[in-house]
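Student: need a structure here:
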Amino acid sequence: MSRRTIVVDDEVFERLQREAQPLIDTPNSVLRRLLALDARPVRPGPLGPLLDAGLLEPGQRLVWRRRNLAQRYLAYVTPEGRLRLDDGRIYDSPSGACDAVAHCKVNGWDAWRTGEGVSLSVLRSRI
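Tutor: So this is what the prediction gives:
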């Protein structure tokens, strides 16, 4: 898929911001939704757009490595776009999954990575 740059006025940009789901949507995903360009229903979880774009697969393993603490956590992408931990608990947000396993506030979009070492935030920027 080729990428293009467009210029929008302030009013259009403000509308895009109002329509966006915080920490999930990009301007492109909002426009696709408003223009009804996606034939498939949107998956409810925050990782749904990454699944729909083919950047993640259901069941894919994600890893959070805390090297300084010598800790490693695993999570798996559900078909609905959520994260399932090894103990079966399911979380809507990557940050919520981090809090559940490490009991600390961390940006899960930066913490969780694919087997190739790509963070969820980098994947999200590719949509």
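
Student: Just the helices from the protein, written as ranges.
Tutor: Along the chain, the segments classed as helices by DSSP state H run 10-19, 27-34, 48-52, 94-102, 108-111, 120-125.

Student: quick one: which of these is nearest L83?
Tutor: Relative to L83, the nearest member of the helices of the chain by Cβ to Cβ is helix 94-102, separated by 4.4 Å. (C-beta placed from N, C-alpha, C; glycine too.)

Student: Show me what that closest one is in contact with.
Tutor: Outside helix 94-102, the residues within contact range by Cβ atoms under 8 Å, 6 or more residues apart in numbering are 46-47, 64, 66, 71, 73, 75, 83, 85, 89, 91, 104-109, 111-112, 120.

Student: again, only using 10 Å
Tutor: Surrounding helix 94-102, the residues in contact under the criterion Cβ atoms under 10 Å, 6 or more residues apart in numbering are 23, 46-47, 62, 64, 66, 69, 71, 73-75, 82-87, 89-91, 93, 104-112, 119-121, 124.
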